[in-house]
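In: Below is the sequence, then the predicted model.
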Amino acid sequence: MLFPSTATMFRAIVPLVLVMLMVAANANQKGAGDDFCTDQERCAFPNEGGDDNATALSSIAGMSVRWQRFDGTDAFPGENMYMWTPSRSVGWVEDNNDGDADADEPVIPSPELCQQACLRMGLSGFTWYGSSCYFRSHEADELLSNQVLMENAVLYVRRILPTPAPAPHFSPPRLAIDETDGNQFAAGGAAKSSTKRNKFLVFSSVGNRCLEAVKNAWLSEPNVKIFDLVLVFYAATARNAVFRELRQYAQSIPGITLHVRKGYKWPNFRWWLLESSGDMLRYYSHIWVADDDLLMDTRAINRMFLTLAANPAIQIASPAFSSDSAGLWRFHDRHNPHFILRYTNFVECLGPVLSRAVLDNELFRRCLKATRTGYYLDSAFYPISGSSTSGMAIVDVAVCTHPERPEVEREMYKELADHEHGQDYKFFDQNGIAREIYWFREPEYFGGQRLPHIPRHITDETLGLPPVEIHNSMLRAMFPTRFGPNAVIRPEEESFL
């Protein structure tokens with residue numbers, strides 16, 4: 001149906017009319033409903049003495065962030081992603097001047113603390129009501145356009161200011177396909193692209209089974225995405241319905257680029273980086289290099305990127321995985337409901353988020369050159385990130401699903417048998433990468449950022465972060481030569497069957 005029904009139009013118009021009436025009624029209140037302010041000094045965060053400016057300015061990874069406040073307003077009431085109330089404030093504060101945490105004194109929510117928590121969780125806004133924070137999962141534009149009157153409520157909306165694009169403007173290779181015989185290539189030349197680019201990117205090398213992830217998950221709500229999407233199609237294109245649908249997406253949705261090239265994800269990622277001639281280092285602060293069967297909806301991807309942007313020390317990260325996700329490493333990166341994120345030394349290579357610093361890292365470039373299937377690359381992530389206890393993380397406010405798929409249906413194993421992937425150590429050796437860097441690494445936690453209401457005196461182990469020897473007991477039993485006290489680095493003697 002091309003035109004909305006009368007009822008639909010009525011539901012859309014009435015909230016806007018109410019908001020217009022509210023703004024007119026409150027026109028004399030200081031800052032209520034103002035346009036976003038642009039003055040750095042006037043827009044500073046409210047201080048403890050009390051400042052009722054409608055807008056506050058901060059920054060995330062070099063991007064300016066504005067907070068706008070609407071008195072007597074809510075948006076999407078009852079649709080709470082997370083609540084922080086005084087009754088749930090059982091943490092601690094350090095206010096006894098003795099340097100010790102006082103577990104008996106709670107951290108009481110306030111608008112300022114909720115703004116900080118909102119940034120850390122990658123959210124765009126919350127409602128302050130009754131001394132409590134009600135966090136929303138909706139994007140800023142949705143919150144602004146769906147305001148409703150609510151007595152004693154205050155809606156806070158966070159906006160990220162656009163960052164001017166660097167010059168020269170990046171022009172990706174034009175897609176060129178000879179569909180008569182299935183030959184595939186990427187030809188040079190400028191492709192039509194938007195002058196506005198997002199700060200975040202999803203990259204994937206995709207095949208004939210990618211639509212469930214690309215269409216139904218990543219682009220489930222393309223109108224709210226804050227990321228660009230680069231797809232490299234590795235299957236044959238001649239008379240291929242999947243490829244035709246992807247091409248239609250690339251032509252109709254801004255920020256999507258489609259290439260055609262055979263090969264695995266990581267060699268295709270390296271090819272794309274080389275084709276872009278380094279322009280990506282100037283455009284994107286974070287890139288999610290995802291397998292084409294990872295299921296995570298648009299809003300969760302947005303939240304993951306914004307959480308990482310608020311934590312610039314994190315160089316490599318991964319979304320958390322749902323309890324029904326498949327894979328050996330799910331014992332380590334399964335979603336933990338107590339945390340915003342957990343610091344770690346290991347994330348699997350099926351879906352890491354790489355920061356700009358990683359892309360410009362000499363060790364990463366050498367490891368990427370040596371990578372064929374992805375085997376061993378995830379073990380190298382930790383030294384690539386500087387072996388820091390805060391350089392890698394699992395993002396628990398963004399949950400992904402990796403569905404179970406029989407090996408016979410996995411396209412990557414049609415090219416190379418599973419046991420052959422372990423032979424990739426030869427490429428790392430050939431590129432002069434020390435075996436201590438890429439050899440199997442035992443996953444470990446280094447604490448994390450807890451949700452605001454979680455008691456600070458409860459140990460990490462109680463919250464699901466066990467010591468390394470307990471955490472990896474299964475790995476040590478299954479692979480005693482790779483993990484644990486008897487591990488040795490002798491790939492020539494390993495059986496990868």
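Out: Done, it's in.
In: low-scoring stretches of the stretch 351-497 of the chain, by residue?
Out: 407-419, 497 (pLDDT under 70).
In: Equivalent analysis for the chain, please.
Out: Using pLDDT under 70, the flagged stretches of the chain are 1-63, 88-106, 161-196, 277-279, 407-419, 497.
In: ok, now which ones touch residue 256?
Out: 228, 229, 230, 231, 249, 250 (C-beta atoms under 8 Å, 6 or more residues apart in numbering). All C-beta spots, glycine's among them, are computed from the backbone N, C-alpha and C.
In: Show me the beta-bridge partners of it.
Out: residue 229 (DSSP bridges).
In: Tell me where the stretch 351-497 of the chain has helices.
Out: 356-359, 362-370, 377-384, 411-415, 425-430, 435-438, 468-471, 473-478 (DSSP state H, counting those that start in this stretch).
In: Export those helices as CSV, with columns for distance to residue 484 and mean neighbour count.
Out: What follows is the helices of the stretch 351-497 of the chain, written out as CSV (distance: least, C-beta to C-beta, whole Å; neighbours: other C-beta atoms under 10 Å):
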stretch, distance to residue 484, mean neighbour count
helix 356-359, 29, 19
helix 362-370, 24, 18
helix 377-384, 15, 22
helix 411-415, 28, 15
helix 425-430, 20, 17
helix 435-438, 16, 17
helix 468-471, 8, 13
helix 473-478, 4, 14
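In: Is it correct that residue 130 is in contact with residue 152?
Out: Yes: with contact defined as C-beta atoms under 8 Å, residue 130 and residue 152 form a contacting pair (7.4 Å).
In: Would you format the helices of the stretch 351-497 of the chain as TSV with distance to residue 79 included?
Out: Shown next, in TSV, are the helices of the stretch 351-497 of the chain (distance: least, C-beta to C-beta, whole Å):
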stretch	distance to residue 79
helix 356-359	34
helix 362-370	40
helix 377-384	36
helix 411-415	38
helix 425-430	48
helix 435-438	45
helix 468-471	36
helix 473-478	39
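In: mind checking which of those helices is nearest residue 80?
Out: Among these, the nearest to residue 80 by C-beta to C-beta is helix 468-471 (32.4 Å).
In: Pull the residues that contact that closest one.
Out: Contacts for helix 468-471 (C-beta under 8 Å, 6+ apart): 331, 332, 442, 443, 444, 445, 476.
In: are any of the contacts of residue 256 buried, and which?
Out: Burial by neighbour count, judged by 16 or more other C-beta atoms under 10 Å, picks out 228, 229, 230, 231, 249, 250 from the contacts of residue 256.
In: Who are the contact partners of the first one?
Out: For residue 228, the contacting residues are 197, 198, 200, 201, 202, 255, 256, 257, 284, by C-beta under 8 Å, 6+ apart.
In: By neighbours, which of those residues wins?
Out: Neighbour count (other C-beta atoms under 10 Å) singles out residue 202 as the most crowded of these, with 28 neighbours.
In: Relative to residue 377, how far out is it?
Out: 18 Å (C-beta to C-beta, to the nearest Å).
In: again, but for residue 463
Out: 29 Å.
In: show me what contacts residue 476?
Out: 469, 483, 484.
In: Wait, the last one touches residue 472, no?
Out: Yes: under the contact definition of C-beta under 8 Å, residue 484 touches residue 472, with a separation of 7.1 Å.
In: Between these two, which has more neighbouring residues?
Out: Taking neighbours as other C-beta under 10 Å, residue 484 and residue 472 compare with residue 472 leading, 20 against 16.
In: ok, the more buried one - contacts?
Out: With the criterion set at C-beta under 8 Å, 6+ apart, residue 472 makes contact with 442, 443, 483, 484.
In: What is the neighbour count of the first one?
Out: By that I understand residue 442. 18.
In: do the third one as well
Out: When neighbours are defined as other C-beta under 10 Å, residue 483 has 20 of them.
In: Please report how far residue 130 lies from residue 232.
Out: With C-beta to C-beta as the criterion, residue 130 and residue 232 are 50 Å apart.
In: and those two? which has more neighbours close in?
Out: Counted by other C-beta under 10 Å, residue 130 and residue 232 do not tie: residue 232 has more neighbours, with 23 against 10.
In: Make sure the more buried one is actually in contact with residue 272.
Out: Yes: assessed by C-beta under 8 Å, residue 232 is found in contact with residue 272 at 6.4 Å.
In: Please enumerate the shared neighbours of those two.
Out: 203, 259.
In: how close does residue 112 sit to residue 155?
Out: Counting by C-beta to C-beta, the gap from residue 112 to residue 155 is 16 Å.
In: For these two, work out which one has more neighbours and name it.
Out: residue 155 (26 against 14).
In: so what's that one bridging to?
Out: Bridge pairing for residue 155 - DSSP bridges - gives residue 70, residue 127.
In: Touching, it and residue 73? I think so.
Out: Yes: between residue 155 and residue 73 there is a contact under C-beta under 8 Å: 4.4 Å.
In: How many residues are close by residue 399?
Out: Residue 399: 21 neighbours (other C-beta under 10 Å).
In: OK, contacts around it?
Out: 296, 300, 319, 320, 321, 322, 335.
In: Give me the helices and strands touching the helix or strand the third one falls within, please.
Out: Looking back up the chat, that one is residue 319. Assigned by DSSP states H and E, residue 319 belongs to strand 316-321. With contacts taken as 3 or more C-beta pairs under 8 Å, 6 or more residues apart in numbering; DSSP states H and E, strand 316-321 sits against helix 298-309, helix 330-333, strand 353-355, strand 392-400.
In: please redo it, this time with the cut-off set to 6 Å
Out: helix 330-333, strand 392-400 (3 or more C-beta pairs under 6 Å, 6 or more residues apart in numbering; DSSP states H and E).
In: give me the beta-bridge partners of residue 205?
Out: In beta-bridge terms (that is, DSSP bridges), residue 205 pairs with residue 232.
In: now residue 320
Out: Beta-bridge partners, per DSSP bridges, of residue 320: residue 399.
In: for stretch 113-122, which positions count as buried?
Out: Quick answer for stretch 113-122 (16+ other C-beta under 10 Å): 114, 115, 117, 118, 119, 120, 121, 122.
In: Stretch 67-81 too?
Out: Buried residues in stretch 67-81 (16+ other C-beta under 10 Å): 67, 68, 69, 70, 71, 72, 73, 74, 75, 76, 81.
In: what residue lies at the spatial centre of the protein?
Out: residue 304 (2.7 Å; C-alpha atoms, centre = their mean).
In: which residue sits closest to that residue, ignoring its sequence neighbours?
Out: residue 398 (3.5 Å; C-beta to C-beta, 6 or more residues apart in numbering).
In: Please give me every residue in contact with residue 76.
Out: Residue 76 sits next to 136, 138 when contact means C-beta atoms under 6 Å, 6 or more residues apart in numbering.
In: Can you report how many residues lie near residue 485?
Out: So residue 485, with other C-beta under 10 Å, has 7 neighbours.
In: Identify the residues contacting residue 464.
Out: residue 336.
In: If we use 7 Å, what do you get?
Out: For residue 464, the contact set (C-beta atoms under 7 Å, 6 or more residues apart in numbering) comprises 336, 338.
In: Residue 405 now?
Out: residue 293.
In: coming back round to it: most neighbours among the contacts of helix 468-471, which one?
Out: Neighbour max across the contacts of helix 468-471 (other C-beta under 10 Å) = residue 445, 24 neighbours.
In: For that residue, give the beta-bridge partners.
Out: Beta-bridge partners, per DSSP bridges, of residue 445: residue 344.
In: The stretch 151-300 of the chain: helices as residue ranges?
Out: 211-213, 241-252, 265-275, 279-283, 298-309.
In: and residue 422, how many neighbours does it have?
Out: Residue 422: 16 neighbours (other C-beta under 10 Å).
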